[in-house]
Structure formats: structure tokens, C-alpha cells
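Dropping a prediction and its sequence here:
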Amino acid sequence: MARSSPLWSNWSRTVTCAPAVTFRPRDVAEIVNAVKHAERTGRRLRPRGAGHSSTALAATGDVAVDLSGWSGVQSADLAAGTVTVRSGTPLHRLNAALDGLGLALTNLGDIDRQTIAGAISTGTHGTGRRIGGMPTQVREIEMVLADGTVTTCSDRHRPDLFAAARVGLGALGVITTVTLRCEPAFALAAEEYPEPLDQMMERFPQYASDNDHLDLYWFPYSRQGIVKRYNRLPPGAPVAPLGRIRRRFERDLMENTAFGLVCRTARALPHATGRLSRACSALASRLSYSDRSHRVLTTRRRVRFVECEYALPFGALRHVFDALRAAVPRLRHPVMFPVEVRVSAADDIWLSPAYGRETVYVSAQQFAGMPYHEYFDVFESIAVGAGGRPHWGKVHTRTLETLRDRFPRMDDFRRVRAEVDPGERFRNAHLDRVLGRSAEL
């Protein structure tokens with residue numbers, strides 16, 4: 001169904017656009033209708049989910065397809081351990097539905113508000129040295145191509161399209177359903193604690209090897225880091241979640257309400273940012289608890305931020321961290337949000353930042369409304385110099401010319417794109433920058 005198009009902004013409010021028309025489909029036929037409308041009217045089309053990307057991937061002044069009304073688990077094969085999910089399904093609802101089926105995803109990103117299509121299309125990765133990112137859990141994708149046809153792809157059917165579409169940037173078509181490989185629901189034991197930064201960096205390789213999931217944080221200007229280690233419990237083992245009062249204190253009050261107040265104070269009083277950042281680090285609690293995997297791996301974040309993240313060769317972390325630590329105090333504008341470090345196994349997905357190599361992800365973040373361009377430019381320069389690849393859903397300045405040598409299958413992706421969308425129906429200015437034009441093949 002097509003409706004009037006109010007001004008649209010992404011989650012971090014760094015990207016705004018005014019589509020000429022927005023479709024809010026409720027079924028595959030309506031998605032096909034939206035694509036055919038774009039074809040008839042000669043307009044470009046961009047699908048969008050929760051808008052969590054910090055980039056302009058979903059921005060358009062033409063046709064927008066808002067997938068939020070196309071949500072839910074479509075089918076489940078419990079014997080095979082697979083579920084087929086509508087593309088607009090938010091991850092937090094998917095996790096709850098899987099829990100009800102006795103299933104779980106092997107890995108999840110830190111935030112669970114994205115749609116499943118948006119999460120895989122941008123390469124959402126989660127953390128775990130022996131575990132691939134979310135796109136590695138995809139077994140089949142159904143999508144509407146530029147000519148309005150509905151097709152499916154998997155490693156057996158249209159394998160090249162599948163290799164491209166698992167991290168497809170919305171450049172190949174509108175995803176309608178995703179079939180995911182799941183596993184029996186499992187629980188994780190969590191340990192979270194502060195640690196001196198130098199010691200945390202020294203122990204990083206061992207931490208990554210010894211734990212199923214690893215997340216590290218550093219508040220700039222502080223000499224202390226925060227370690228979060230999550231490990232599987234045996235099937236059937238009892239869990240000990242955070243109590244209701246402790247959870248509200250830690251997750252709602254400290255991580256959202258109080259931290260949001262601190263960030264707003266730093267935005268109003270930039271000269272106080274260093275002291276506020278160090279105070280946040282000093283107040284980090286030691287926590288030990290256990291719970292269902294999705295309740296441990298994901299966090300509800302209400303404090304808005306903008307983010308630049310790079311995937312680095314596993315051994316590059318210490319060099320990048322030392323360079324960033326030296327650079328931050330020299331910035332004209334201070335940094336309020338922590339730097340985050342996660343890890344991933346290598347994969348074979350063409351545009352995955354973890355393609356062909358074991359990876360450490362480093363994320364630079366800034367509170368929404370505080371200056372971030374200088375900080376991200378400095379971080380990006382350091383990360384690129386260390387062999388980094390940008391996360392597709394986060395701010396970066398890379399172009400096709402500077403991406404080709406980092407993504408060895410980039411031209412294969414562009415070839416498939418030209419085959420399924422020869423008229424470039426799904427392009428926008430952001431995709432022109434990172435993928436170029438089909439005519440340039």
C-alpha cells in the first residue's frame with residue numbers, strides 16, 4: 001500500500017530524506033507492486049527497515065519500501081533447525097519467537113532493534129572468535145528483483161546471487177523472506193568487570209580464544225577498560241539471571257537514563273567530557289549472571305549515537321588501539337561514547353568485512369549531536385592503514401576505488417548486481433559511491 005511520505009530520519013538522526021512515495025507492504029504481492037510502480041514511473045527504489053544504519057543506505061527521494069508491516073516467523077522446520085522469517089521482522093521479536101520454539105540464533109549483534117533483512121544486508125556480526133556473523137546463519141533468501149520477479153537463492157540455487165545477497169546492501173532487490181539456520185535454545189554465563197586497559201589489551205588474544213563471546217569497551221581518556229565474557233552452559237543447566245531490581249539499576253538506570261544524562265551534560269559542557277568519561281569507566285560494575293542467549297548477547301540502547309566501525313586483521317588490534325588512544329586527547333572536540341571491540345571467524349560471503357580472514361572489529365562511537373567528523377576521520381585513517389574494511393552500516397568515507405583492494409570479490413558482486421538490476425533500479429547516491437555504476441564494469 002502506498003502512502004504519503006513524511007520526512008524520514010535514521011535512528012541516529014544523521015540522515016534525513018523525503019521520499020516521493022512510501023510503500024508499506026503487508027505481503028509479497030504488495031512488495032512486487034512497489035517494485036513495479038518504480039519501474040513504471042522511472043523512479044529509483046530503496047527498501048528500509050528500522051533505520052539503524054548510520055549511513056545513507058536507505059535514503060531516497062524517490063520510492064521507499066518500509067518493511068515494518070511485513071513481519072513475523074513464516075514457517076519453522078524444527079527437525080532441520082531452520083526458520084523462515086519475513087524480512088521486516090525486528091530481531092527482538094524474532095528472538096522471542098525462536099525462544100518459544102525452543103530455538104536460538106548462534107550469534108547476535110549487540111542491538112536487537114534492526115530488522116532481519118537490514119541486519120544481514122549490512123553484515124551485522126556479533127562476537128565470537130569461532131563464530132561467524134549473522135549472515136553466515138542464512139540458508140536461503142527470497143527477494144523481488146528489479147523486473148518484479150520473485151526469486152530464491154541459496155548455496156545450491158543461484159549460488160552467485162546468494163553469495164552476494166547475504167551482505168547485499170539492498171542493492172540487488174527487496175528481500176522478502178530469510179531462512180535461517182538455528183540451534184536448540186541455549187544459555188550463557190556472563191562475566192562483566194573493569195580491568196586496567198593495558199592489561200586488557202595484553203590479554204585480548206587469550207580472552208578471544210578462551211571465551212565463546214567477547215566484548216571489550218574503553219571510555220576515551222580512561223586508563224581502564226571493561227571486559228564482557230559470555231560462555232555456554234551445558235544443556236539443561238539452571239540459570240541465574242540478574243534480579244529485577246539489579247537489572248533495572250544496571251540496564252535501565254545506569255546504562256540508559258544516567259548515561260544519557262552524562263552524555264547530554266558533555267554535549268552542553270564539552271570541557272567536562274574527559275572527567276565524565278573517566279567517571280563512567282570508574283563506575284563500571286562487576287557482574288556475574290546467566291540467562292537465555294539472546295538476553296545476554298543483546299542490549300536495549302536508548303541513548304542515541306553515531307558510529308564508525310572497521311573490521312581489522314586479528315593481530316592489528318594493539319597497534320590500532322595504541323594509535324587511537326594517543327590521538328583522542330589531541331582532538332578539538334571531545335569523545336563521550338566508549339570504543340567497542342568484538343571478534344569474528346572468517347567467512348566466505350563476498351562483501352562481508354570478515355571475508356577470508358579472522359577479524360577483530362573496532363567501533364568508534366559518539367553521542368548524537370556531538371561533533372564526530374574529526375574523530376571518525378582520525379580513526380578511519382588509523383584503521384585503513386592497518387588493513388581495515390568498513391562496516392557497511394556505519395559511517396565511513398570509502399569509495400569503490402578504495403574498497404576494491406579490501407574486498408577481493410567486489411567485482412564479482414558488481415557483476416551479479418548488473419545481471420539482476422541492469423537498469424540500476426535500486427541505486428542511490430550512497431551506493432553510487434561504494435559500488436559505482438554498472439556502466440563502469
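Looks like it came in fine.

tell me the secondary structure for Asp291?
Three-state assignment for Asp291 (DSSP: H, G, I helix; E, B strand; the rest coil): strand.

And the pLDDT for it?
Asp291 is assigned a predicted lDDT (pLDDT) of 97.

Quick check: end-to-end length of stretch 364-372?
Looking at stretch 364-372, the gap from its leading to its trailing residue is 10 Å under the measure C-alpha to C-alpha, to the nearest Å.

Not counting that stretch itself, show me its contacts.
Counting contacts by C-beta atoms under 8 Å, 6 or more residues apart in numbering, the residues outside stretch 364-372 that touch it are 12-14, 263, 266-267, 270, 303-309, 324, 332-340, 375-376, 379, 395. In short, each C-beta sits where N, CA and C put it, glycine included.

which of the residues in stretch 217-236 are buried?
Under the neighbour-count criterion of 16 or more other C-beta atoms under 10 Å, stretch 217-236 has 217-222, 224-231 buried.

Same check on stretch 87-105?
Neighbour count says stretch 87-105 has 87-95, 97-98, 103-105 buried, by 16+ other C-beta under 10 Å.

How about stretch 347-361?
Along stretch 347-361, the positions that meet the burial threshold by neighbour count (16+ other C-beta under 10 Å) are 347, 349-355, 357, 359-361.

all strands in the stretch 301-441 of the chain, in order from the N-terminus.
If DSSP state E, counting those that start in this stretch is used as the criterion, the strands of the stretch 301-441 of the chain fall at 305-313, 339-344, 359-367, 389-390.

Please identify which of the ones you listed is closest to Ser438.
Distances from Ser438 to each of the strands of the stretch 301-441 of the chain were compared using C-beta to C-beta; the minimum, 21.9 Å, belongs to strand 389-390.

Can you tell me which helices and strands that closest one packs against?
strand 305-313 (3 or more C-beta pairs under 8 Å, 6 or more residues apart in numbering; DSSP states H and E).

continuing past the helix or strand hosting Phe204, what's the next helix or strand?
Counting by DSSP states H and E, the element that carries Phe204 is helix 197-210. Note on helix 197-210: by DSSP H and E, the next helix or strand toward the C-terminus is strand 213-218.

Adjacent strands (with direction) for that following strand?
Within its sheet, and counting by DSSP bridges, strand 213-218 is paired with strand 224-232 (antiparallel), strand 339-344 (antiparallel).

what about the nearest residue to Ile120 once chain neighbours are set aside, neighbour count?
Using C-beta to C-beta, 6 or more residues apart in numbering and skipping the chain neighbours, the partner closest in space to Ile120 is Pro135 (4.6 Å). When neighbours are defined as other C-beta atoms under 10 Å, Pro135 has 24 of them.

Surely Ser53 touches Val395?
No - applying C-beta atoms under 8 Å as the test, Ser53 and Val395 come out as separate, 9.3 Å apart.

who's more crowded, the two?
Here Ser53 and Val395 are compared on neighbour count by other C-beta under 10 Å; more neighbours surround Ser53, at 29 against 25.
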